[in-house]
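>>> Got a sequence here, can you build the structure:
(chains A and B)
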Amino acid sequence: MIDQRLETMPMKRLRCIGERLGVKGSELNNRDDLIHAIEEILEERYAERQSSNNEVMKFKGTKYDLIDDLCTHQESEPIHQLPSMYIETSVHMMLRDPYWAYVYWNVSPYQLEELKEARSSLELKLRVHEFSHPRLPLSKNRDYFDISIREDDASWYVNLPKPGSWYVVSLLAVDGESWQETLASSNEIYSPGGYWLERTDELKHDERELALFHSAVTDFSGHEVDSLLVKHILKQLEEAKEKESHP
Amino acid sequence: MKKGYIELVLHAHLPFVRHPEYPRFLEENWLFEAITETYLPLFRMCYNLKRDGVPFCITLSISPTLTAMLADPLLKERYAAHLERSIELGMKEVERTKGDEKQNRLAKFYLALYEKTLFEYNEIYRRDLIKAIRDLEADGLINLITNGGTHAFLPLYQEYPEAVQAQVETALMSHVSYFRKKPKGFWLPECGYYPGLEQILKRNDLTYFFTASHGIALANGKAERGIFAPVKCSNGVHAFARSFELSQAVWSGEDGYPADYVYRDFYRDVGYDLDMDYIGPYVHEPEVRAFTGYKYWAITGKTDKKELYDIDAAKKRTGEHAQNFLYSIRRSKSRTSDLIDREPCFVIPFDAELFGHWWFEGVDWLEQVIRGAAEDEELEMITPEQYLDIYPDNQQLQPAVSSWGNDGYCSVWIDGSNDWIYRHIHKCIERMIELVERFPGQESLKKRFLDHAAREVLLMMASDWPFIMSNSTTMNYAERRVREHIHNFNIVYDNLCRNTVDTEWLTRTEKKFSIFPDIDYQVFSRRKRNPL
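Next comes the predicted model:
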């Protein structure tokens, strides 16, 4: 589908698409090379997307398939520019999966300026607090780790080391080892764990529970449901089985 | 003999796409294709089954955005025009293919299908598909439930219960206004659940929802009946888990039924195959190739050399696949019978548009499954309400955060391609909550402004936009839409902060995004979050 459309396009439009996709240099000047380069990029990206999609998501993609990625019918429309930042100091945390959270923040430029004037070597950090229970004060964290951030950073994917825990992120201003100030703290999120995650030993020895678990998360051919934690549990069960058969 | 209960759940949803500012708009085809290939064939199926006295009831989740589009006069007009163009193309196709008997038969088949569809749409349903859906429910053929107002992926709004409440409340308001009955069930968009969401459902008198199977398998305790019975959250709202093993028979891209080589290929379409001089008027202006619905080729295999689609062979195969599916249910039932202390229920949910649109023969398959189940003494189709009537006592358990997306959580809707939207959407939500507090109980023009602000916030929250962004490689419609809604909301916010009102802009924008005409901006009230 793609090549047929590309071949009927004028060179000016092809070049525009090529540039948008990151084609550079002499390939932009030769029609055949340009078509070939665009095809390669699109096919590669398409394959990448498809391979990361589970079955439900693959279908969902086809629901919106009207034309391919060369869709240009709205090119003449203005693209609304959004605020580059909001004048406030805040930090937010969103669960992506049991192991990762997305964190974004704003630092008010006025506050930052004041801090810079007052402190000789100011550094910004994210502190990721881990808790065993919800709604505890930051000082009661079970563990924490820091991530240094640059002034122009605005978001980060943060690793959540322990499923089944609560997490809060603080935005810190730090000056050496002697001074630090918490500029903002995020909402609390829970990284899911589940009863069986910590009890695979119990699960593997309980025939009925194991059968119920398998019938929930695998199909007749042994395909597993697309869930990171389920895969983790099944892998642990598999490894335990392996160990028992080859002690 | 123990029975096996089948809960078939179809979720019909499309994002709100309506562009009166253009004479034709490509993405409106999402709706037109779904009406032709999915919704009307499903209605036909329901009436065929009713005519033949087959007992069944399907749980149908229909999104408020889809409902609004089905009821919209402009889109009704455009859909009829779309069908007329399809018929005109069909006539040309019958002429063009007359030298090839097999292709010609297919061209005639599609032409007849489009003519029948136009006749039904205009003459049988009088363009009122909302009434058609109401009638199906009144006849007991479907059990209607609702889902998020604009189909937001709710786990990503957990920090803002006001926004989740607004999604639920707006959905119910829209549902009652179109279908005149309050639903009891709620389809969580993308099966996206987080612990605590049931509190908002309960507050809105909703009694059950559906989760991904790992939502129950990874709950905070042992699920005594696995996924073969619902669990009760601590506040009494029930969670029904999707049967992964049965759904997989259909969904699976490589082993699933729709991938069978005799079925129609979704991608090969004359819109891409024929010269632009010929196909130009039936694709999209200016010269953007698009699907036309005239598809002559079978899946055949992983090859570009496709075989012609054989309608009879495909029909025969749907019968075989329906029998195979029923066998799988019976197999699952017998596997379960020793494990649990009651008759199991198998929750089998699908995106409705899978049937007919992507899997062309899917509606035939569904009809044969329902007929087969009705003839089988071991099986019975049932709704969640009926199941809860039979078994009102269920295990109390806290389901886990989950979705049916990649990796089972939120990664489709928050990844490197789309994560930037949340900073802005969350800010708009905060500002909307602030506006409700600053301007309580407004009337007339200011209320219109505030109502429209609420509408823009709901529209920017749709799960479709981050999904499309994550599945595209270039700047696309979804990104433009999110930017437009944020931009529009900020105009309202700035106007209200400056105490100025641009009535002309408001009227124009209200006309463009005409969804939820009765919305009340106070759906975003903090008080609704904590009514006690």
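
>>> Of all the residues in the stretch 51-200 of chain B, which one is nearest chain A?
residue B:159 (4.6 Å; C-beta to the nearest C-beta). (Glycine included, C-beta is placed from N, CA and C.)

>>> Could you look up the SS state of that residue?
Per DSSP: H, G, I helix; E, B strand; the rest coil, the secondary structure class of residue B:159 is coil.

>>> same question, residue B:295
Classified using three-state DSSP, residue B:295 is coil.

>>> Can you show me the strands along the chain?
Defaulting to chain A. Under the criterion DSSP state E, strands of chain A are mapped to A:90-97, A:100-106, A:122-131, A:143-149, A:155-159, A:165-175, A:179-185, A:189-191.

>>> meant chain B, my bad for not saying
Under DSSP E, chain B gives strands at B:4-12, B:58-62, B:142-147, B:185-187, B:208-211, B:231-232, B:238-241, B:345-351, B:379-381.

>>> Pull up the gap between residue B:181 and residue B:142, please.
To residue B:142, residue B:181 is 12 Å away according to C-beta to C-beta, to the nearest Å.

>>> Tell me which of those two has more neighbours.
Neighbours per residue, other C-beta atoms under 10 Å in any protein chain shown: of residue B:181 and residue B:142, the larger number sits with residue B:142, 23 against 12.

>>> Surely that one and residue B:132 touch.
No - here residue B:142 does not reach residue B:132: they are 10.5 Å apart, not a contact under C-beta atoms under 8 Å.

>>> What's the local residue count around residue B:180?
With other C-beta under 10 Å as criterion, residue B:180 counts 11.

>>> And for residue B:417?
So residue B:417, with other C-beta under 10 Å, has 17 neighbours.

>>> likewise the one 10 residues further on?
Look at residue B:427: counted by other C-beta under 10 Å, it has 21 neighbours.

>>> Surely it and residue A:86 touch.
Yes - here residue B:427 lies in contact with residue A:86, judged by C-beta under 8 Å, at a distance of 5.6 Å.

>>> Tell me where chain A has helices.
A:2-7, A:11-21, A:31-52, A:55-63, A:109-118, A:200-205, A:207-217, A:228-245 (DSSP state H).

>>> Which parts of chain A belong to which domain?
Taking automatic domain parsing as the criterion, chain A consists of the domains A:5-71, A:90-191, A:197-245.

>>> Low-confidence bits of chain A, can you list those?
Scanning chain A for pLDDT under 70 picks out the ranges A:1-5, A:8, A:66-77, A:247.

>>> 80 instead?
A:1-10, A:12-13, A:16-17, A:20-21, A:25-28, A:42-43, A:45-51, A:62-78, A:246-247 (pLDDT under 80).

>>> distance between the ends of stretch A:218-238?
Stretch A:218-238 has an end-to-end distance of 14 Å (criterion: C-alpha to C-alpha, to the nearest Å).

>>> Looking at chain B, which helix is longest?
helix B:311-337.

>>> near chain A at all, it?
Yes - contact between helix B:311-337 and chain A is present through B:328, B:331, B:332, B:335, B:336 (criterion: C-beta under 8 Å from any C-beta of the partner chain).

>>> if we can go back for a sec, let me know whether the residue of the stretch 51-200 of chain B closest to chain A touches residue B:426 as I believe.
Yes - with contact defined as C-beta under 8 Å, residue B:159 counts as touching residue B:426 (7.2 Å).

>>> okay, and the common contacts of those two?
Applying C-beta atoms under 8 Å, 6 or more residues apart in numbering or on different chains, one finds that residue B:159 and residue B:426 are jointly contacted by residue A:92.

>>> Write out the residues of the stretch 101-250 of chain B neighbouring chain A.
B:155-156, B:158-159, B:195, B:212-214, B:216-223, B:225-228, B:241, B:244-245, B:248-249.

>>> at 7 Å instead, please
Applying C-beta under 7 Å from any C-beta of the partner chain, one finds that the stretch 101-250 of chain B approaches chain A through B:155-156, B:159, B:213-214, B:216-223, B:226-227, B:244-245, B:248.

>>> I would like a ChimeraX command selecting only the buried ones among those, please.
Typed into ChimeraX, the line below selects the buried ones among those, using 16 or more other C-beta atoms under 10 Å in any protein chain shown:
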select /B:155,156,159,213,214,216,217,218,219,222,223,226,227,244,245,248
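
>>> Give the burial count for residue A:245, as a bare number.
Using other C-beta under 10 Å, residue A:245 is surrounded by 7 other residues.

>>> before we move on, back to that, got the helices of chain A as CSV, with distance to chain B columns?
Listed next are the helices of chain A as CSV, based on distance: least, C-beta to the nearest C-beta, whole Å:
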stretch, distance to chain B
helix A:2-7, 6
helix A:11-21, 6
helix A:31-52, 4
helix A:55-63, 4
helix A:109-118, 16
helix A:200-205, 9
helix A:207-217, 4
helix A:228-245, 5
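
>>> Reformat these into JSON lines and put distance to residue B:265 next to each item.
Converted to JSON lines, these look like this (distance: least, C-beta to C-beta, whole Å):
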{"stretch": "helix A:2-7", "distance to residue B:265": "16"}
{"stretch": "helix A:11-21", "distance to residue B:265": "26"}
{"stretch": "helix A:31-52", "distance to residue B:265": "16"}
{"stretch": "helix A:55-63", "distance to residue B:265": "12"}
{"stretch": "helix A:109-118", "distance to residue B:265": "56"}
{"stretch": "helix A:200-205", "distance to residue B:265": "43"}
{"stretch": "helix A:207-217", "distance to residue B:265": "32"}
{"stretch": "helix A:228-245", "distance to residue B:265": "32"}
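
>>> for the nearest residue to residue A:87 once chain neighbours are set aside, phi and psi?
Spatial nearest neighbour of residue A:87, chain neighbours left out: residue A:108 (5.6 Å); criterion: C-beta to C-beta, 6 or more residues apart in numbering or on different chains. Note on residue A:108: backbone dihedrals following degrees, to the nearest 10 are phi -60, psi 130.

>>> In contact with residue A:108: list those residues for me.
Residues in contact with residue A:108 (C-beta atoms under 7 Å, 6 or more residues apart in numbering or on different chains) are A:87, A:88, A:89.

>>> swap in residue A:107?
Here residue A:107 is in contact with A:89, A:183 (criterion: C-beta under 7 Å, 6+ apart).

>>> what do you get for residue B:60?
B:10, B:12, B:142, B:143, B:144.

>>> Look up which residues are beta-bridged to the first one.
For residue B:10, the beta-bridge partners under DSSP bridges are residue B:60, residue B:350.

>>> correct me, but it touches residue B:62?
No - Residue B:10 lies out of contact with residue B:62 (C-beta atoms under 7 Å); the separation is 8.9 Å.

>>> can you put the strands of chain A in a markdown table and add distance to chain B and mean neighbour count?
As requested, those are arranged in a markdown table below (distance: least, C-beta to the nearest C-beta, whole Å; neighbours: other C-beta atoms under 10 Å in any protein chain shown):
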| stretch | distance to chain B | mean neighbour count |
| --- | --- | --- |
| strand A:90-97 | 4 | 22 |
| strand A:100-106 | 5 | 21 |
| strand A:122-131 | 15 | 19 |
| strand A:143-149 | 15 | 14 |
| strand A:155-159 | 7 | 14 |
| strand A:165-175 | 12 | 21 |
| strand A:179-185 | 13 | 16 |
| strand A:189-191 | 7 | 23 |
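
>>> Residue B:413: which of those is closest?
Evaluated over the strands of chain A, closeness to residue B:413 peaks at strand A:90-97, with 9.1 Å, by C-beta to C-beta.

>>> That closest one pairs with which strands, and in what direction?
strand A:100-106 (antiparallel).

>>> hmm, back to that, can you give me the distance of the residue nearest to residue A:87 to chain B?
14 Å (C-beta to the nearest C-beta, to the nearest Å).
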